[in-house]
Each structure stands twice: as C-alpha cells, then as structure tokens.
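S.K.: next input, structure requested:
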Amino acid sequence: EKDITVQTALLESRSITPSKATSPQAKLYKAFKASFAAALDPQAFAIAKTLEMAQRYNKFENTPYALEPNIKESPGGLRDLHIILWLAKAAGLGSTWDELATNGLATPFEAKQLRRNEAVLANIRTRLHMIAKRREDRLVFDLQTQVALSMGFELESSRKNSEALMKRYYWAAKAVVQLNQILLLNIDAKLNPSQAKPIQLTKDFLDHNGLLDIATDDLYERNPQAILQTFQVFQSTAGVNGLSARTLRALYNARGKMNAAFRRDSVNRATFLAIIQRGDGLTHVMRLLNQTSVLG
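M.R.: I've put the predicted structure just below:
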C-alpha cells in the first residue's frame, strides 16, 4: 500500500493464462484487479511518480541532450512515456495512446507522435541490447557507430554515421519531453481541477493558476508573432511560473511557423532583443525557448 515501486508493478500486471471468464484463475485475477484499484489513490500515486521523475531528471542533469544518453532513463527517454501511461491508467483515463486521445488528454496528432517517437527509442534500445549482447541502455560513444550502421546510416565516415543517429535520437527525445509536459499537465487537471478563475494579462494571454495560458487555441496560427510574445509576457509577469498545457500544445503545433521567415521578421527580432535586454530570469526563459522548439 505504501511502496510506489510495487504499486507501479501491480498497475502493469496482466493475465498470462488464456482462461475462460468463469474459470477460477480469471475470477481470482478479476478480484485482484478490483481490490488493487480500490486501494490505489490516483492523486497520491501521481505526486509520488512526479517526484520520482524529478529525481531521475536531476540524476541525468535535466537535459535530453547528453552526449551519451540513457535511452530509458534520461529526460526524453522511454521512462517519460511510461510515466504518462502509468498516471493515466491509475486515474482510469486510459492505458494506450489511442485511449488517451479518445478521453481528451491528447490529440490524435499527439497520439501519432507519441507512437512514432516511442518506436524510435525502442528501436535504438533494442539494437543496443543486441550489439552489446547484454542489457545496455546507455548510448555510449563506443556503440553509437555500430547502432547507426544497424539502422541504415551509411555515410562518409563513422563520425557522420553517429552524428546522424544522435540527431534522430535528439529529435525524438525533445518531442517526448514536450509531449510529456503537455499530457502530465492534462492528467493533473483531471485529478485536481482548479477552481481559480483566469486573470486577464493582455488580450492574448491569461494567468491560469500560475501558468501562462493563451486566450484562444488558434492564437499562433492567426498571429505567429505572438509566439515570442508568449515568452516576453512570461518573463515580465510576477507569479507566473510555467506554461499551461494549452500553451505548450499550441507551441508544439506551431513548430512549422518558426522558420527562416519567422526569424527574419522585424517584430520577432525586436521582441527577442527585448527579452535579452530585460535580463530577468533570462537563463530560464532561454531554456524554455529551446524546450518548446522556438530556438530550434
């Protein structure tokens, strides 16, 4: 009842014998599932797993861009996908990406991206195991070229092969970090619905319980210049300590807007310069710009 690791293992339990619904084994398993569900506190489980994730992030230096990343445990690794499904399942919100989309936690596009990036990470991890001939989750320098070749990266040199592999990995890990943030915020909103009314900051932005929210879902599609303005408002508003799930989702979907023309735009250049010149919390803002793909 108190051990979060045991709770997680039991949450993933499944029947391994194809028994008829009326068989003693099936009845016993059904009784176990009902008893476990009644004993599990979804809110407490979510808090514990979120703290566990924060400790794991600290262990791996809070970055998905390690030179020798752990495919399973590093930020943006497979464990970030597992935790979404664990929390959703504990809360009765679904146990697959499609079920999460059906229940409104993810969009169909996000579910597709989750499956796609999960497949990339699982493919790399499987090849690591096969090449090392043991369990090996670390994509260390000595194995990067062999993994790259096994995946079909046959370029001019071993260095370029490994660079192509790492580029593929970093894109997947970055997407997983972004989607992880969006879905965990959505799960938290289901478990702990806020009664606080949003505070209007500007015509386009709201303070929703300490998170910067956009006024309309299509803000960035209508006005791409609002993308950088998001971070300017975030930087200048006391009490706002993060971006809402809706803002993160809109930024994720607006990645195509952040092209060369976007970077050449005089308004965007002025906004970015104003963020730099203000200086307050600049390191945090720059990291957030990178995490949300605005800087690349």
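
S.K.: helices along the stretch 1-150 of the chain, start to end?
M.R.: Under the criterion DSSP state H, counting those that start in this stretch, the stretch 1-150 of the chain contains helices at 4-11, 24-39, 42-59, 78-90, 97-102, 108-132, 141-150.

S.K.: deepest of the ones you listed, which one?
M.R.: The highest average neighbour count among the helices of the stretch 1-150 of the chain, using mean count of other Cβ atoms under 10 Å, belongs to helix 78-90 at a mean of 22. C-beta here means a position set from N, CA and C on the backbone, and glycine is covered the same way.

S.K.: what about stretch 72-85, distance to the chain center?
M.R.: Mean-position distance between stretch 72-85 and its chain equals 8 Å (Cα atoms, centre = their mean, to the nearest Å).

S.K.: again, but for stretch 102-119
M.R.: Between the centre of stretch 102-119 and the centre of its chain there are 11 Å (Cα atoms, centre = their mean).

S.K.: what residues are up against the closest residue to residue 43 other than its chain neighbours?
M.R.: Residue nearest to residue 43 in three dimensions, not counting chain neighbours: residue 191, with 5.3 Å by Cβ to Cβ, 6 or more residues apart in numbering. Residue 191 makes contact with 42, 43, 46, 91 under the criterion Cβ atoms under 8 Å, 6 or more residues apart in numbering.

S.K.: now, among those residues, which is nearest to residue 145?
M.R.: Each of the contacts of residue 191 was scored against residue 145 by Cβ to Cβ, and residue 46 proved nearest at 40.4 Å.

S.K.: leaving out the residues flanking it, which one is nearest to the residue nearest the centre of the chain?
M.R.: Compute the mean C-alpha point of the chain, and by Cα atoms, centre = their mean the closest residue is residue 180, 1.9 Å away. Leaving aside its chain neighbours, residue 180 sits nearest to residue 80 (4.4 Å; criterion: Cβ to Cβ, 6+ apart).

S.K.: wait, what's in contact with residue 4?
M.R.: When contacts are counted by Cβ under 8 Å, 6+ apart, residue 4 is found next to 45, 48, 49, 52.

S.K.: repeat the analysis, applying 7 Å as the threshold.
M.R.: By Cβ atoms under 7 Å, 6 or more residues apart in numbering, the contact set of residue 4 is 48, 49, 52.

S.K.: quick check: pLDDT value at it.
M.R.: As predicted, residue 4 sits at a pLDDT of 92.

S.K.: please apply the same query to residue 26.
M.R.: According to the prediction, residue 26 has pLDDT 87.

S.K.: just residue 156 next, same as before
M.R.: Value listed for residue 156 in the pLDDT field: 66.

S.K.: cool, and residue 18?
M.R.: Per-residue confidence at residue 18 stands at 69 (pLDDT).

S.K.: ranges for the strands of the stretch 101-250 of the chain?
M.R.: Under the criterion DSSP state E, counting those that start in this stretch, the stretch 101-250 of the chain carries strands at the ranges 199-200, 205-208, 211-214, 242-243.

S.K.: kindly reformat the contacts of residue 4 as TSV containing pLDDT and distance to residue 176.
M.R.: Written out in TSV, the entries for the contacts of residue 4 read as follows (pLDDT from 0 to 100; distance: Cβ to Cβ, whole Å):
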residue	pLDDT	distance to residue 176
48	96	21
49	97	16
52	96	17
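
S.K.: residue 247: which of those residues is nearest?
M.R.: residue 49 (23.4 Å).

S.K.: I'd like to know how far the residue nearest to the centre of the chain sits from residue 171.
M.R.: For residue 180, the distance to residue 171 under the criterion Cβ to Cβ, to the nearest Å works out to 15 Å.
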